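Q: Give me a 3D structure for the following:
(chains A and B, ligands or ions: 1)
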Amino acid sequence: MLTTREELDDRLPGAARAWLDEALAEAAHATDRPDTGTGTPDRPDTGNPPSGTGTGNPPWETRFASAGRHCGTEHADAVRALLLIEARPAAPDLARLYAQGTAAERRAVLLTLHRLDLGSAALTLVEDALRTNDTRLVAAAVGPYAAAHLDAHGWRHAILKCLFTEVPVEAVAALADRARGDAELARMLHDFAAERTAAGRPVPADLRTVLALTATPAAAPTEES
Amino acid sequence: MRIFDPHIHMTSRTTDDYQAMYDSGVRALVEPAFWLGQPRTSPASFYDYFDALLGWEPFRASQYGIAHHCTLALNPKEANDPRCTPVLDALPRYLVKDSVVAVGEIGYDSMTPAEDTALAAQLQLAADHGLPALVHTPHRDKLAGLRRTIDAVRESALAPERVLLDHLNETTVRDALDSGCWAGFSIYPDTKMDEDRMVTVLRNHGTDRVLVNSAADWGRSDPLKTRKVADAMLKAGFDEDEVDKVLWRNPVAFYGQSGRLQLDIAAPDPLHEGNSILRGGE
Ligand SMILES: [Zn+2]
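A: Here you go, the predicted structure:
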């Protein structure tokens, strides 16, 4: 659950609130003009962002990068999410922002995907995060966007990835809905449990949690034995 | 005892090292971007390296309770390779990142015109981004290299108190401190500088603006040298406050000039406590 602007205003000191106001104004401006590309007849592309950050990227993106030191690392996810929602980058710009981001910035992108009306265009970012072993990214990748867009195979492997890297399955959005009646997921979990047992290692409690969810019949009652 | 290693290349070290460093008191470190031993042939391999210093490596460090910050730059050696110099143009978008606390390592390797250009350009980048600079002094022709480095700093827009001159020894410490810069000493298992000589330097030159690091990397080096210096200082009669000043407060003061040091190592929250490293990946 992302923090709202009102909640943030209560938590941020005055200087950080003022910084956020300016940052959001810059992000809002990002929507009236192309972030990249060749410009329009009205707004020829100067090749440089207005405030001359020297990064070659729009100024709000520098705000996005520096949110941790201006608002505190504990608020950085929330601040970055607000900036993204305000700037509404198109999928290619978002992919660039993710690719050029630190782990903290990538996490913020992942946490906000479901708020950005991207269709399935940002699925590659989720897939990228699920290939990492950084549990902060894995946990952020299995949110509502993954629940809505990952195909069955990708989603099942995401669940296994959580179990392997000990990301609590509470992080997985719509877990019960998607796991319900998933016989293939149940098979994978049984196999994983058998492998753990054969190695004399404990079976993670979360595995049993998900397994129990798969045992719940899917929507209409199926012909159960 | 709390220790801040202001110069160590953790990308080249193991998780055993992280554990041993934590057990020795290391709670924070700065990892400068440097030469990887194998020359790079394209800017893209620098970017992957920088991304690792802003992503995977801080994650690894956090698993062992150590705060990880980095310094980014085109290193002096590869500044001589025209295939690598486009990195200078990409640095601005990296220098805005939250965990970048200086531009570095920059400086001289063989004192070539290409190194002059890269050093001047990157001192300017540091000034433009409100960052201090970590400046390596050359291993060969050291005193002449130090003097040329100090000249480059004087000609730059960066104030000397925002510059850390590193890899100093008995022959270069006086000029370095007189320049107004901070003085860094890399303690190695043999040759360049050892802990007992370091104690003598501290006796002769005091503890102001002096930093000690292990500079541990892929070569023969020891990531626990910071602690060994602390122990040698105590044995030689320095008190705990002086040890804390050299091994913690001085690096905090120097890199703190960036306004970006985050030293409150948060207890891992429930979402972040996986140990994907400890298990060796998948
Ligand atoms: Zn180094």
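Q: In contact with A:Phe192: list those residues for me.
A: By Cβ atoms under 8 Å, 6 or more residues apart in numbering or on different chains, the contact list for A:Phe192 reads A:160, A:163, A:207. Heads up, the C-betas are built off the backbone N, CA and C, glycines and all.
Q: quick one: low-confidence parts of the stretch 151-282 of chain B?
A: B:265-282 (pLDDT under 70).
Q: Where does the residue nearest the centre of chain A sit, in terms of helix or strand?
A: Chain A has A:Leu110 as the residue nearest its centroid, 1.5 Å off, counting by Cα atoms, centre = their mean. Using DSSP states H and E, A:Leu110 sits in helix A:103-112.
Q: hmm, who's touching that helix?
A: A:2, A:64-65, A:67-68, A:73, A:76-77, A:80-81, A:84-85, A:94, A:97-98, A:101, A:125-126, A:129, A:134, A:136-137, A:140-141, A:143, A:145, B:54-56, B:58-59, B:98.
Q: make it 7 Å
A: A:2, A:64-65, A:68, A:76-77, A:80-81, A:84-85, A:94, A:97-98, A:101, A:125-126, A:129, A:134, A:136-137, A:140-141, A:143, B:54-55, B:58-59, B:98 (Cβ atoms under 7 Å, 6 or more residues apart in numbering or on different chains).
Q: Of those, which belong to helices?
A: Mapping the contacts of helix A:103-112 onto helices (DSSP state H) picks out A:64-65, A:68, A:76-77, A:80-81, A:84-85, A:94, A:97-98, A:125-126, A:129, A:136-137, A:140-141, B:54, B:58-59.
Q: tell me which parts of chain B are close to the ion?
A: B:34, B:215 (Cβ under 5 Å from the ion).
Q: which residue ranges form the helices in chain B?
A: Counting by DSSP H, chain B has helices at residues B:15-24, B:43-54, B:56-63, B:87-95, B:113-128, B:142-155, B:173-178, B:195-205, B:225-235, B:240-244, B:250-256.
Q: Could you save the ones you listed as TSV and add columns showing distance to chain A and mean neighbour count?
A: Below are the helices of chain B laid out as TSV (distance: least, Cβ to the nearest Cβ, whole Å; neighbours: other Cβ atoms under 10 Å in any protein chain shown):
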stretch	distance to chain A	mean neighbour count
helix B:15-24	12	17
helix B:43-54	4	18
helix B:56-63	5	21
helix B:87-95	4	20
helix B:113-128	7	19
helix B:142-155	21	18
helix B:173-178	29	18
helix B:195-205	32	17
helix B:225-235	25	21
helix B:240-244	25	15
helix B:250-256	12	21
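Q: Indicate which one of these is closest to A:Leu12.
A: helix B:250-256 (21.6 Å; Cβ to Cβ).
Q: Now do that closest one: which elements does it pack against?
A: strand B:210-213 (3 or more Cβ pairs under 7 Å, 6 or more residues apart in numbering or on different chains; DSSP states H and E).
Q: Neighbouring strands - and their directions - for the strand it packs on?
A: strand B:182-186 (parallel) (DSSP bridges).
Q: In CSV, could you pull the C-alpha coordinates for the strand it pairs with?
A: What follows is strand B:182-186, C-alpha atoms only, in CSV (Å, rounded to 0.1, in the frame of the first residue of the first chain):
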residue,chain,number,x,y,z
TRP,B,182,42.3,15.2,3.6
ALA,B,183,44.9,12.5,3.8
GLY,B,184,44.1,8.8,3.2
PHE,B,185,46.4,5.9,4.0
SER,B,186,45.8,2.5,2.4
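Q: which residues sit against it?
A: B:6-7, B:163-168, B:173, B:176-177, B:192-193, B:198, B:201, B:209-213, B:215, B:254.
Q: what does chain A put close to chain B?
A: A:54-57, A:62, A:65-66, A:68-69, A:73, A:100, A:102-104, A:133-136, A:139, A:164-168, A:171 (Cβ under 7 Å from any Cβ of the partner chain).
Q: Of those, just the buried ones, ChimeraX syntax please.
A: Remark: buried members of the residues of chain A next to chain B, expressed as a ChimeraX selection using 16 or more other Cβ atoms under 10 Å in any protein chain shown:
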select /A:54,55,57,62,65,66,68,69,100,102,103,104,133,134,135,136,139,164,165,166,167,168,171
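Q: Which strands or helices does the helix or strand of chain A at the bottom of the mean pLDDT ranking pack on?
A: Sorting the helices and strands of chain A by mean pLDDT, DSSP states H and E puts helix A:5-11 at the bottom, at a mean of 92. Other elements packing on helix A:5-11 under the criterion 3+ Cβ pairs under 7 Å, 6+ apart are helix A:73-87.
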